[in-house]
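Chemist: have a look at this prediction, sequence included:
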Amino acid sequence: MTDQEKIALLEEAFEADEGTLTPETELDSVDGWGSMAKLTLIVLMDEECGKTLKSDDIKKFVTIKDIMDYMG
């Protein structure tokens, strides 16, 4: 999966407009970064990446790049 595909998935998960997220985007600045987005991210990781994401992992994420790195 390319970086652009990862960002597109994250924009969809966070209900962000296309092209608004970059690897450097801090999660605290994303309007859609809340409890529902975190649950969506857990499902996305399982379905799209085959990875199990735990709340402790999510707490370590600071930027979009952190999530992209976890996606593999």
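Modeler: On my side now, so go ahead.

Chemist: residues near Val30, how many?
Modeler: 19 (other Cβ atoms under 10 Å). Every residue, glycine included, has its C-beta placed from N, CA and C.

Chemist: that should have said Ile64, apologies.
Modeler: Count around Ile64 with other Cβ under 10 Å applied: 24.

Chemist: I'd like the distance between it and Glu5.
Modeler: Remark: distance between Ile64 and Glu5 (Cβ to Cβ, to the nearest Å) = 13 Å.

Chemist: for Gly19, same thing?
Modeler: 14 Å.

Chemist: what residues are shared contacts of these two?
Modeler: Common contact partners of Gly19 and Glu5 (Cβ atoms under 8 Å, 6 or more residues apart in numbering): none.

Chemist: tell me the centre residue of this protein?
Modeler: Leu10 (4.5 Å; Cα atoms, centre = their mean).

Chemist: now do the contacts for that residue.
Modeler: So, once contact is read as Cβ under 8 Å, 6+ apart, Leu10 ends up touching Ala16, Leu21, Leu41, Leu44, Ile64, Ile67, Met68.

Chemist: doesn't it belong to a helix?
Modeler: Yes - the assignment for Leu10 (DSSP: H, G, I helix; E, B strand; the rest coil) places it in a helix.

Chemist: and the gap between it and Val62?
Modeler: 14 Å.

Chemist: please apply the same query to Thr52.
Modeler: In terms of Cβ to Cβ, Thr52 sits 21 Å off from Val62.

Chemist: all the helices of this structure, residue numbers only.
Modeler: 3-13, 35-44, 55-60, 64-71 (DSSP state H).

Chemist: Ser29: which of the ones you listed is closest?
Modeler: helix 64-71 (10.1 Å; Cβ to Cβ).

Chemist: adding distance to Ile58, write the contacts of Leu10 out as TSV.
Modeler: Converted to TSV, the contacts of Leu10 look like this (distance: Cβ to Cβ, whole Å):
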residue	distance to Ile58
Ala16	17
Leu21	16
Leu41	7
Leu44	12
Ile64	13
Ile67	9
Met68	14
